[in-house]
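[1] Give me a 3D structure for the following:
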Amino acid sequence: IEDMPMPKAYGALPLGEAMEWLLDGAVYHPFHLHVSPFQIFRFTGTTDHWNLVGDWQDTLVMPKAKCDSTIYACLDANAEYLPAGDVVVRFWTDHFPGPYISH
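    Below you'll find the predicted structure:
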């Protein structure tokens, strides 16, 4: 861990504002935001049924696009992995004036 690079910070976000982020492209991988919990506003694709619209989280697994399995990776007719769906999350920058990190 000592030799691992630190994730790049986004820099300071405006304090006291509602932020809305579109998360996409991280198929079969969790998303985690440090400092502030986020509310799930919208999903596309198949969710894992643990994270639902309206839930407050700090970590979520990205949904699968047009996938009928919530456990296994889904493949198309050519045995290629289906892409991720996307998620819109919202959070408040109400108490932390420093840089934000997500991974």
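[2] For burial, what's the neighbour tally of the residue nearest to residue 17 when sequence neighbours are not counted?
    In space, and not counting its chain neighbours, residue 17 is closest to residue 93: 5.4 Å by Cβ to Cβ, 6 or more residues apart in numbering. C-beta here means a position set from N, CA and C on the backbone, and glycine is covered the same way. Using other Cβ atoms under 10 Å, residue 93 has 17 other residues around it.
[3] Can you name the residues that contact residue 93?
    When the contact criterion is Cβ atoms under 8 Å, 6 or more residues apart in numbering, the partners of residue 93 are 13, 14, 15, 16, 17, 18, 19, 36.
[4] Derive a PyMOL selection command for the buried subset of these.
    Per 16 or more other Cβ atoms under 10 Å, the buried members of the contacts of residue 93 correspond to this PyMOL selection:
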select buried, resi 13
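[5] Format the contacts of residue 93 as CSV; extra columns: distance to residue 60, pLDDT and secondary structure.
    Converted to CSV, those look like this (distance: Cβ to Cβ, whole Å; pLDDT from 0 to 100; DSSP: H, G, I helix; E, B strand; the rest coil):
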residue, distance to residue 60, pLDDT, secondary structure
13, 19, 81, coil
14, 24, 84, coil
15, 24, 87, coil
16, 25, 89, coil
17, 22, 89, coil
18, 19, 91, strand
19, 16, 90, strand
36, 14, 89, coil
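[6] Pick the one among the contacts of residue 93 closest to residue 57.
    Distance to residue 57 across these (Cβ to Cβ) is lowest for residue 36, with 10.9 Å.
[7] Test my guess that that closest one contacts residue 97.
    No: applying Cβ atoms under 8 Å as the test, residue 36 and residue 97 come out as separate, 11.8 Å apart.
[8] For the chain, just list every one of the strands.
    Secondary structure of the chain by DSSP state E: the strands cover 18-24, 30-32, 38-43, 56-57, 59-61, 86-92.
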